[in-house]
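> Need a 3D model of the following:
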Amino acid sequence: MRVSIFDQDNKRVRRRNRILFVSHYSGLHGANVSLSTMIQGLSARGWECVALFPSEGRATEHCRALGITCLVRPSA
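Numbering: from 1, shown residues only. The predicted structure is shown next:
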């Protein structure tokens, strides 16, 4: 579903679609490698992507080296 957003002059504003990807671990293994590849592909197609990890690790280093925005928030 597309939602149109208008500014104060009633002109349509184009916004990038956003996705937050959440990983339950910070190691650089199969799932996180696939995650980084998917984020790269979506970013190239105009999506704004952010990856969330529970701690700093090889996955955050890898993603940042690729230019992927990473957030770290410990899980409860």
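
> ranges for the strands of the chain?
Ranges of strands within the chain are 5-6, 12-13, 18-22, 48-53, 69-72, based on DSSP state E.

> Adding distance to Ala31, write the ones you listed out as CSV.
Heads up, the C-betas are built off the backbone N, CA and C, glycines and all. Shown next, in CSV, are those (distance: least, CB to CB, whole Å):
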stretch, distance to Ala31
strand 5-6, 34
strand 12-13, 35
strand 18-22, 11
strand 48-53, 12
strand 69-72, 15
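
> what number of residues lie near Leu28?
16 (other CB atoms under 10 Å).

> Pull the contacting residues for it.
Leu28 is in contact with 57-59, 61-62, counting by CB atoms under 8 Å, 6 or more residues apart in numbering.

> And for Arg58?
Neighbours of Arg58 in contact, by CB under 8 Å, 6+ apart: 26-28.

> Closest one of those to Ser75?
Ser26 (10.7 Å; CB to CB).
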